[in-house]
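Visitor: I would like to see how this sequence folds:
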Amino acid sequence: MIKINNKKLAKFLGFKAVRLLILLIVIAAISFIMIQLSPIDPVKAYLGQRIVSQEQVAIIGEYWGTNLSLAERVMGWLQTLATGSMGFSLIYRVPVTEVIVQKFTASLTLMVVSWVISAVVGFGLGVIAGAKEGSFADKAIKTYCYILQSTPTFWIGLVFLMVFSVYLGWFPIGLSVPIGQLSDTVTFWQWLYRLILPAITLSIVGIASLTMYTRDKLISVKRSDYFLFAQARGESFWGIIKNHGIRNILLPAITIQFLSFNELFGGTILVEQVFAYPGIGQATVAAGLRSDVPLLLGIVIISAIFVFMGNFFADLIYQYVDPRLRSEDDE
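Guide: The predicted model follows:
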């Protein structure tokens, strides 16, 4: 049973909260400055081809604060953010918070399913490759991982679309619901059927790195003294792998998987574009192309929090699950 020191936990959580606060302030300021220094005029991008007078352009610029100095705009954005508001989306015409909640909820399902698939498949392939070091299976898995690491995610998605959707017709071309049907009327199986191909594509992002890491760690365990001693006692090879190998590499593998949240979020943006999946990825691209500054900044903040939580859970696992660290703290 895991013993948790309340004082140590409070100190740990407080330290992480301060780090998160500083991180958000720095990222918000830097992101806002970079967007404001962009050569794209948000007012002109918003108006597009509409013919309006210079007075109307000036009114819109004054409403958005583009007539203020850069320092005033940065301070105004940070003050707005401190109140819990992220502004008003120029594309969706609703508060940025509502857009992010709606879009991120759809993306979170896709990311969770993909994250679980990559964890199970990546860890399993890593164990097989490490246990059968130098065999045909090991070489095949390594070749597969090298190909995955050098292949862009969007290209894999396009290949899957052409093969499984266009040529074979096994899956729909895209979208999370059938065309002409409301999301409230979609059944679970209809939703799952359209989630399979994007989820598999996104899961490929994390399989290669986890597989290679798990393989290397298991090979190190196989060369350790206690592994050789277990073999000398007559234990079966796969029994040693199960009782000694997997138990020693599982915790680092879980930690690596949590640290891959940044790759997961970045891959989501590309996958959602390929499969026309209405999530945070499509909202990010739309905000960037149409200069929806409030929405784009809100997504940057949410993505920073998402990646930070991955690092937070990784640190938490090592602090309260690793028996070596617990024993050191108890002493």
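
Visitor: Need the pLDDT of Gly65.
Guide: Reading off the confidence values, Gly65 has pLDDT 64.

Visitor: now the helices: where do they sit in the stretch 51-200 of the chain?
Guide: In the stretch 51-200 of the chain, the helices defined using DSSP state H, counting those that start in this stretch lie at 54-64, 70-82, 96-131, 136-149, 153-160, 188-222.

Visitor: Quick one: closest of the ones you listed to Phe312.
Guide: Phe312 sits nearest to helix 96-131 of all the helices of the stretch 51-200 of the chain, at 15.5 Å, using Cβ to Cβ. (Each C-beta comes from the backbone N, C-alpha and C, glycine too.)

Visitor: which helices and strands does the closest one pack with?
Guide: helix 136-149, helix 188-222, helix 246-259, helix 261-275, helix 280-289, helix 293-320 (3 or more Cβ pairs under 8 Å, 6 or more residues apart in numbering; DSSP states H and E).

Visitor: Adding mean neighbour count and mean pLDDT, write those helices out as CSV.
Guide: Shown next, in CSV, are these (neighbours: other Cβ atoms under 10 Å; pLDDT from 0 to 100):
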stretch, mean neighbour count, mean pLDDT
helix 136-149, 14, 85
helix 188-222, 20, 81
helix 246-259, 18, 80
helix 261-275, 22, 81
helix 280-289, 21, 79
helix 293-320, 19, 81
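
Visitor: Quick one: closest of those to Gln102.
Guide: helix 280-289 (8.9 Å).

Visitor: Packing partners of the closest one?
Guide: Contacts defined by 3+ Cβ pairs under 8 Å, 6+ apart place helix 280-289 against helix 96-131, helix 261-275, helix 293-320.

Visitor: So for Leu90, which of the ones you listed sits nearest?
Guide: The nearest among those, by Cβ to Cβ, is helix 293-320 at 6.9 Å.

Visitor: quick one: Val116 from Ile200, how far?
Guide: Distance, Val116 to Ile200, using Cβ to Cβ, to the nearest Å: 12 Å.

Visitor: Just put the helices of the stretch 51-200 of the chain in CSV and tack on distance to Pro252.
Guide: Shown next, in CSV, are the helices of the stretch 51-200 of the chain (distance: least, Cβ to Cβ, whole Å):
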stretch, distance to Pro252
helix 54-64, 48
helix 70-82, 36
helix 96-131, 11
helix 136-149, 17
helix 153-160, 25
helix 188-222, 6
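
Visitor: Can you check which of these gets nearest to Leu23?
Guide: Ranking those by proximity to Leu23 (Cβ to Cβ) places helix 70-82 first, at 13.1 Å.

Visitor: Can I get the helices and strands packed on helix 280-289 in CSV including distance to Val205?
Guide: What follows is these, written out as CSV (distance: least, Cβ to Cβ, whole Å):
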stretch, distance to Val205
helix 96-131, 7
helix 261-275, 4
helix 293-320, 14
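
Visitor: Quick one: closest of those helices to Trp155.
Guide: Comparing these by Cβ to Cβ, helix 261-275 comes nearest, at 9.1 Å.

Visitor: that older thread, distance to Val96 for the helices and strands packed on helix 96-131 - can I get that in JSON lines?
Guide: Compiled in JSON lines, the helices and strands packed on helix 96-131 are given as follows (distance: least, Cβ to Cβ, whole Å):
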{"stretch": "helix 136-149", "distance to Val96": "35"}
{"stretch": "helix 188-222", "distance to Val96": "25"}
{"stretch": "helix 246-259", "distance to Val96": "27"}
{"stretch": "helix 261-275", "distance to Val96": "17"}
{"stretch": "helix 280-289", "distance to Val96": "9"}
{"stretch": "helix 293-320", "distance to Val96": "4"}
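
Visitor: Ile100: which of these is closest?
Guide: Using Cβ to Cβ, these put helix 293-320 closest to Ile100, at 5.5 Å.

Visitor: and the angle for that closest one with helix 96-131?
Guide: 40 degrees (axes from the mean of the first three to the mean of the last three Cα atoms, to 10 degrees).

Visitor: how far does helix 293-320 sit from the chain's center?
Guide: A distance of 9 Å separates the centroid of the chain from that of helix 293-320, by Cα atoms, centre = their mean, to the nearest Å.
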